[in-house]
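Student: Any chance you can model this:
(chains A, B and C)
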Amino acid sequence: MTRLPRSSALRIDTDRRLRFSWCGSARAGYEGDTVASALWSSGVRTFGRSFEYHRPRGLYDLEGEGASQLVSIDGVPNQSAGTTLLREGMAVAAQNVRGDPRSDAFGFLDRLDRWMPAGFYYRVFHRPHAAAHFVHNRMRAMAGLGILDVSTSGDPGRREEIFLNADVAVIGGGAAGMRAALAAAGAGTRVCLFERRPWLGGHLDWRLGLEGADGPDSPRARGRALAEHVGSDARIRVFTSAPVTGIWGENLVTGFQRVGAADPFVERHWECRARTIVVATGALERPLVFNHNDRPGVMQADTAWRLARTYGVSPGAVVVFSAGDDLALEAALDLLSLGVDVPAIADSRPEGQDPELVSRIAESGAELLTGWAASQVVGRRVVRGVQLAEIGGSTRREFPCDVVVANAGRQPDIGALSCAGARFRHSTHTGSFELASLPSDVFAAGRVLGLTDSVEIEATGTLAGLEAASACGASVSGTLAAARAEVAEGAGAPPGTGIVRGPDIGEGRKAFLDYDEDGTWKNAVQCAALGFDVPELAKRFGNFGLGPGQYRVPGQNVAMAMAEIEGRPASDVASTTVRPPIIPPSLATLAGPNHDVHKRTPLHEDQAARGGVFRRAGAWKRARYFSADYTCREEIRNVRENVGLLDSSPLGKFRIWGPHALHALQRVYISDMRKATRGRCKYSAMCNDTGNVVDDGVVIPVGEDDYYFTTSSNRAGSTVEWFRYHTRYDGWDYNLLNLTDALASINLAGPEARAVLERVTDADLSNDAFPYLGYRVIPVGDGVEARCMRLGFVGELSYELHVGASYAQYAWDLLWDAGAELGIRPFGLEAQYCMRAEKGHVIIGAESEQRVTLLDIGMGWLWDRSDTASKKVGAPALRACEEQDGRLELVGLRIDDAGHRPEDGAIVVDGDRIAGYVCTTRVSGALGYQYGLALVEEGFAVEGTTLSIYEHLRSDDVRTSATVVPPHFYDPKGERLRV
Amino acid sequence: MSVFRPGFLELGRLWETKPLERNYEVVIVGGGIHGLATAYYLAKEHGIRDVAVLEREYIGFGGSGRNTAIVRANQRTQENVRLYDEGLKLWPVLTDELDFNLMFYNCGNLNLAHSEAAVSSFRLAINTANFYGVRSELLDPQQCKEVVPALDISDRPKHPIQAGMYHPPGGVVRHDAVVWGLAKGASAHGVAIHQGVGVEGIDVDGGRITGVRTSEGRIGCDKLGIMAGGYGTAVCAMLDIELPVNPLTIQAMVTQPLKPFLHHVVSSGAYHVYANQTLKGEIATGAHMDPQVNYTTDVTAYYFKHQAEALTDFMPCLKDVRFLRIWAGLADMTPDMAPILDGNFAYDGLYLDVGWGYFGFKSGPITGKYMADFIAREEAPEILRPFALRRFLENRYMGETATAMKYGQWD
Amino acid sequence: MTFRLTCPVCGPRDVYEFRYGGPERGPRPDQEDLDPEAHFRWAQFRMTRPEAQEEWWYHAGGCGVWFSTVRNPATNREETS
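Tutor: Below is the predicted model of the structure:
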């Protein structure tokens, strides 16, 4: 692992050696290395095997642009070797490999490509049908890249999420992005700058200038100077190692940030709502399509360059270039200056190279072949040489080498701009996409505009920063005009190569357009022949651009290739839409802390201590059981015989008051609410516009135009919304206050309820003074005010006490102590559920659903049908359905077979059709038989009808029968409530 | 019979491109699965070959190319179970007929319940399915774990798993393949498929449909099928027809490809998630719908994050996996989660297939088969009758969802 | 996309703070002699054209006001007149 001579661009610390393993063998690198640079430096050439053909793949790019450089790290699949920093002790392994990645047992698949044309699997394997499943499973087993351990629960490191606001969000910390940030900050706006690499500087960071001397005028020195300015400007908040995942409309920019060991978190998710955005994401290398262009040893120009300068790793002993832009020529010169042997540099551009680069190459002794490009790689497993050919000519030459640097020029990195809604068109001048339109408040600068001149790049950065600041209202009139003038003077984007494939590639059987899913030039030709001539269809049928690299590799090559294959003009090349994420984030980081957000009642801990088993119920966690016996036999018996306590705090509690409070109540409740009287609970229901019951509860007048009312727990959160919605046109004057969380609710139920309550209050609780359905405000204990209702949901004498939430524990303790000798026990939601079912009290959602109205479930007595003036919600639907036949109706069931009780969800059948279903069944200790509630078709709802019930239980068909009875089982006359 | 057949190496167009005629017996609006299937069966089973399918973008652009790819028949009500069951049994038949591998992967579906109420609703669905001979079983958490080892069945998740509904006949079908296979089959039977032809208006005369106005001029027809998925409401609006349908955006995403570890479709109502592993190894997952009506396919950061929260909560092994791509399609939601299949109701010659919500894929070919019958005979086949629009004017909902609506069908 | 709505009380806020209340349908019809079909059409039937429509939103994650605004289903954006 010898490295190239030290240079100032180096980002590794050669004093800090890190050990790691590659496929089980020991390797070493340095602090600052990425996994990719460390692997390459330690002689690893084959990083893994390709998706379909199992071809060997190596280090093509250093930015995580494709699947080739995905490896498994410490058992975690699909990690980007190019962007993951090396850590001590890492276990790195190749993916999609059987055995050694250099020899892989499935390597033979590469020779079967003739039998695997584009989309071949759609046209074979489906006959005979019996074999199809087998073949499908074999194909599945071959697919995929990394192996996930399903027993893992993921990286235990903590994630955080931060939510930022900025005037200007700058994406990209290269020269253009930094100039934009400085200009915007200089105009007084607040800037967030996001850079995916661990440092600012972009391309400048590894360019030491043509002298290779890193003098004060070198690009690298310029980059570091700009970075210092940015770092010292308090109005710019800099995020490095912070890739952007998406721009989601109205300038919401999201991303994540990889952080170092000094940070308490392993990674963070960030979201930035910006007023304006400057995109300076630079350019990507557009791959050159030639035969075996995927061999380990074929790489991007920046990859070779950065290996050498950023990591001090020689890309190879002999490097041949097939370049498409001046940066690649500069890279070749820089490698030469480091002593790397570069015998030949093909440049697919016949002309237009920077003359200074050309003359320096001539001086270096390397051979420059303009109008040439690579046509084929030599070497079966790794690069042994390359054949270069004259474009449009017949001359070919072969050069032995171990690395081929190839590109077809650069393409703007359109990811962020495309997500933001920018549109692109193909330019025959640059041979690439160019910006056609930008959304308002989004600006672009630098190489993403196709620019290559460093002065122009910085000028567009400044201009974009000023425009962004101006859009935020900053006063920049003078500087803006000057910046515009400077940009206008620039030469603009230089011409590009416009080519996709190298010369002389034949049918392109092994010339890859898409490395990720092994899509070749030949496959693109096949797609066109099959009629998939729309690029979006070709993309789907031939699998181009859908792999881990998404839009980067193959980038715009697919669209250009399809146009060329079909003989359409280059101007007809359609740009594809980039879908987020631009850089893939891990689910753990996206999920962040992922708190289990729920509400707890003030009595939660007390109930937990008493053995409560909690379940999520809407926004709350509530005690459902108080023992391991989920039939709750004891809980129920104790309420029926003694007395029980239920924490019903999530019950909706509201106060409505004002001159039009009664109007509002009349609108949403189905009953005549004028009949509500002080000191008494009026029970009613709310319907929706189709007559379904959506809520029920009690309403109590407590003052002049002043009412207290309750709703079901699930509706508490939407009650204010419901009232306001249904009265939004009326201009009524009323106030509505949600007291649900402010007041706790304790339900004291059972024959001894009065005896218990009497011990904690001075109020007169006698049946005359406080009758059934009465409402009193009573003092409990030391004078805590309790709103007390005498109700009977569970069918026993019971009191519901609403007290301030902070007094809940006090009141609960009082009742508990008072009831100790009377057998008081807690009961949970399931016991309540059973006892109310015995009473035939409907629970919305359990015995009602969208097919049944208030009338169908036997609650029609609540409806004030004479009232049309209030325009009650639901009344028209009830009127429409009142006389309809064939509707479902709620009935009681007495289950005949004492042996088997059908469970909730059993169906009522009539011959070969279904005539209804069983909502709830339970066995009742109090009744001594099994009972239930069911929704059945009208014809089956007649008392005394025998219903045939079907269930599928543990693979068996089970049939039972039940008799229709009135849906009021326990104490049908309600005597126990009125004692 | 050989698995490898040399014919697949011959490369000819799967479907023909034909000149656009000025008149057709039947015009179908929408080149998705429903439209193509209807055209295919019209030509194949009813001998009506003078059929044009008009697609504004490219075939499969809409919901057909943007769906869960999940197929199943464990619906809540008997009317729906019958239709979906026939649909499920059609996939192998269709694969054979079309001579195109639709890649029906009969892996079974596991739906998770996280509350006692959800378990009861599973029992109802299971009993209904089995009563009609459709296999579906209730599993306890341990059995769920045996089926899908990636599940966390402890008490730790926000919504601990209480039971599962396992439905072996279900699975996944490659959605794009269905579009292409149906296009191939329809074209072979003489149907004209026109991509890039958008309908801009509909002509009527004396209560009869007479033709459509398109981006390529007027096209006359005797019968018109509106089978435009999420855009169906917009097409109906051209005739001033109001519907109890809201087009909503539904989002989905895939992860990076992994070696197979999830061998079934998993879904959970409480988490609002479905997930399955594609043939390529990606975990395809989704289900979030934005509530406001719209015709965009916008994706949101909110949901992208939410999905990661949900998935990693009950399948924590996915924490280190990365999302690769998010996209969206339209779901045309009705208040009872069942479609509207109707004909000759507002104008003679008008046939409507709309309101599938997110069930449009699994039922596509079977609906096409019966809609073709409807169009050819001008009388609704018995199995489609419960799906007529009238039910909403009589307040007789089908009950595919139990939930009563709030202000409208979006909530 | 994650667009914003302008609450008349709180100003522009993320759309996920709001609950959608459907397009403007006019006040609740008089119930005297109301034809059932007319009622169900009013309550459930909609004409969603891909053009700007007036609709109702509730600021559930904020001040709790119902307000009407103009949004275009073709663009998913609020349009200010």
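
Student: C-alpha from now on. contacts and neighbour counts both.
Tutor: Will do.

Student: residues contacting A:E883?
Tutor: Shown in contact with A:E883 (C-alpha atoms under 8 Å, 6 or more residues apart in numbering or on different chains): no residues.

Student: Which helix or which strand is home to it?
Tutor: A:E883 is part of no helix or strand when elements are defined by DSSP states H and E.

Student: cool, and A:K621?
Tutor: Assignment of secondary structure by DSSP H and E places A:K621 within strand A:620-625.

Student: The helix or strand that that strand is followed by to strand A:620-625, inter-axis angle?
Tutor: Using DSSP H and E, the helix or strand that follows strand A:620-625 in sequence is helix A:633-641. Between helix A:633-641 and strand A:620-625, the angle comes out at 90 degrees (axes from the mean of the first three to the mean of the last three C-alpha atoms, to 10 degrees).

Student: Could you look up the next helix or strand downstream of helix A:633-641?
Tutor: The first helix or strand that comes after helix A:633-641 along the chain, using DSSP H and E, is strand A:643-647.

Student: Could you export that next one as CSV, CA atoms only?
Tutor: The C-alpha trace of strand A:643-647 is given here as CSV (Å, rounded to 0.1, in the frame of the first residue of the first chain):
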residue,chain,number,x,y,z
VAL,A,643,-68.2,-2.1,42.4
GLY,A,644,-65.5,-1.3,39.8
LEU,A,645,-63.4,1.7,38.7
LEU,A,646,-62.7,2.5,35.1
ASP,A,647,-60.4,5.2,33.9
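
Student: before we move on, the earlier item: could you pull up the mean pLDDT of the strand holding A:K621?
Tutor: Regarding strand A:620-625, the rounded mean pLDDT is 97.

Student: Determine the set of other helices and strands touching it.
Tutor: Strand A:620-625 makes packing contacts with helix A:604-609, strand A:613-617, helix A:829-839 when contacts are defined by 3 or more C-alpha pairs under 8 Å, 6 or more residues apart in numbering or on different chains; DSSP states H and E.

Student: what about stretch A:859-870, how long is it end to end?
Tutor: 20 Å (C-alpha to C-alpha, to the nearest Å).

Student: State the mean pLDDT of it.
Tutor: Per-residue scores along stretch A:859-870 average to 96.

Student: Which residues outside that stretch are in contact with it?
Tutor: Contacts to stretch A:859-870, defined as C-alpha under 8 Å, 6+ apart, come from residues A:663, A:666-667, A:670-672, A:684-685, A:854, A:875, C:30-32.

Student: so how far is that stretch from its chain's centroid?
Tutor: Counting by C-alpha atoms, centre = their mean, to the nearest Å, stretch A:859-870 is centred 47 Å from the centre of its parent chain.

Student: how about that stretch: buried residues?
Tutor: Within stretch A:859-870, the residues that qualify as buried are A:M859, A:G860, A:L862, A:W863, A:D864, A:R865, A:D867, A:S870, counting by 16 or more other C-alpha atoms under 10 Å in any protein chain shown.

Student: mind checking how far the second one is from chain B?
Tutor: Read that as A:G860. Applying C-alpha to the nearest C-alpha, to the nearest Å, the value for A:G860 to chain B is 17 Å.

Student: repeat for A:S8
Tutor: For A:S8 relative to chain B (C-alpha to the nearest C-alpha), the value is 35 Å.

Student: okay, now A:R159: neighbour count?
Tutor: Applying other C-alpha atoms under 10 Å in any protein chain shown, we find 18 other residues in the vicinity of A:R159.

Student: ugh, wrong one, A:R501
Tutor: Look at A:R501: counted by other C-alpha under 10 Å, it has 23 neighbours.

Student: ok, it - contacts?
Tutor: A:R501 sits in contact with A:L288, A:V289, A:F290, where contact means C-alpha under 8 Å, 6+ apart.
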